[in-house]
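# Here is the input, now give the coordinates:
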Amino acid sequence: MLACSQVTVPDLETPAYSQATFPNTNYPATELKDRAVIGIIIAEHQQELDSILHEISGLEAVMDSIHNLRRQLVEQKDKITQSMSFHKRLVSTLWRLPTEVLSRIFMYCLLEGKYLAPASSRAPMLLTRLCRRWRDVAVDIPSLWCRLFVGVHDGYWQQAAFCYNSWLKRSRHPLSLALKCVSNNTVEQRSLLQPT
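From the prediction side, this is the model:
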């Protein structure tokens with residue numbers, strides 16, 4: 001993930017022009033005869049400095065990326081931990097509810113005064129998909145299944161027959177039924193109303 005680079009730090013002493021070469025002299029460096037050599041040395045050191053600064057900048061960028069990634073992972077961990085805690089409390093509370101109370105709550109999940117079309121995203125079908133206990137309770141409450149809307153479309157009604165059949169079995173008492181036929185085939189419509 002991280003590329004390691006080997007940076008060699010050069011010897012910054014210039015042997016030909018160290019302090020030892022000019023002890024106790026007041027000659028400025030610009031008056032030395034090898035002024036051009038000093039310029040080359042300074043240019044080389046500048047290149048080395050620029051290279052090291054570039055390496056440092058690259059490392060700082062990598063460290064920033066690692067810091068940001070760590071922060072994101074810590075945030076995700078915290079969200080997951082919070083969600084797990086919430087769901088553990090929710091499950092433990094709901095599992096302790098008596099079946100009668102849970103049944104009453106389920107009844108409030110239904111849309112008021114409307115016929116219900118089977119849909120996996122709405123009650124009562126949704127209640128059967130959350131956990132085994134909820135499924136057992138929901139299937140065992142006939143009043144959840146006592147209102148049914150059946151939409152019959154050309155070619156669609158046979159595919160939905162299984163779902164309607166399950167709904168009818170769960171109702172186990174008088175059913176209020178709304179039937180909407182969008183079909184030009186009167187024989188097909190009559191066959192739907194005939195007992196099997």
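
# For stretch 111-120, buried residues please.
The neighbour-count check on stretch 111-120 (16 or more other CB atoms under 10 Å) flags 116-118 as buried. In short, each C-beta sits where N, CA and C put it, glycine included.

# same check, this time on stretch 120-137
Neighbour-count burial for stretch 120-137, counted by 16+ other CB under 10 Å, picks out 123-125, 127-128, 134, 137.

# other SSEs contacting the host helix or strand of residue 58?
Per DSSP states H and E, residue 58 falls inside helix 35-96. Using 3 or more CB pairs under 8 Å, 6 or more residues apart in numbering; DSSP states H and E as the contact test, no helix or strand touches helix 35-96.

# Not counting its own residues, what contacts the next helix or strand after it?
Note on helix 35-96: by DSSP H and E, the next helix or strand toward the C-terminus is helix 99-108. Contact partners of helix 99-108, identified using CB atoms under 8 Å, 6 or more residues apart in numbering, comprise 94, 97, 123-124, 127, 134, 137-138, 141, 143-144.

# In JSON lines, list those along with distance to residue 83.
Below are those laid out as JSON lines (distance: CB to CB, whole Å):
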{"residue": "94", "distance to residue 83": "16"}
{"residue": "97", "distance to residue 83": "21"}
{"residue": "123", "distance to residue 83": "23"}
{"residue": "124", "distance to residue 83": "26"}
{"residue": "127", "distance to residue 83": "21"}
{"residue": "134", "distance to residue 83": "19"}
{"residue": "137", "distance to residue 83": "24"}
{"residue": "138", "distance to residue 83": "24"}
{"residue": "141", "distance to residue 83": "29"}
{"residue": "143", "distance to residue 83": "33"}
{"residue": "144", "distance to residue 83": "29"}
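
# pLDDT weak spots in this protein?
By pLDDT under 70, the weakly predicted segments of the chain are 1-33, 92-94, 152-160, 162, 181-196.

# how does it look with 90?
By pLDDT under 90, the weakly predicted segments of the chain are 1-40, 85-99, 109-135, 143-196.

# quick revisit: nearest to residue 75 among the buried residues of stretch 111-120?
Nearest to residue 75, judged by CB to CB, of the buried residues of stretch 111-120 is residue 118 at 39.6 Å.

# just to revisit the earlier point, list just the nearest of the buried residues of stretch 111-120 to residue 151.
Closest approach to residue 151 among the buried residues of stretch 111-120 (CB to CB): residue 117, at 6.6 Å.

# measure the closest one to residue 169 for me?
Residue 117 is 17 Å from residue 169, where distance means CB to CB, to the nearest Å.
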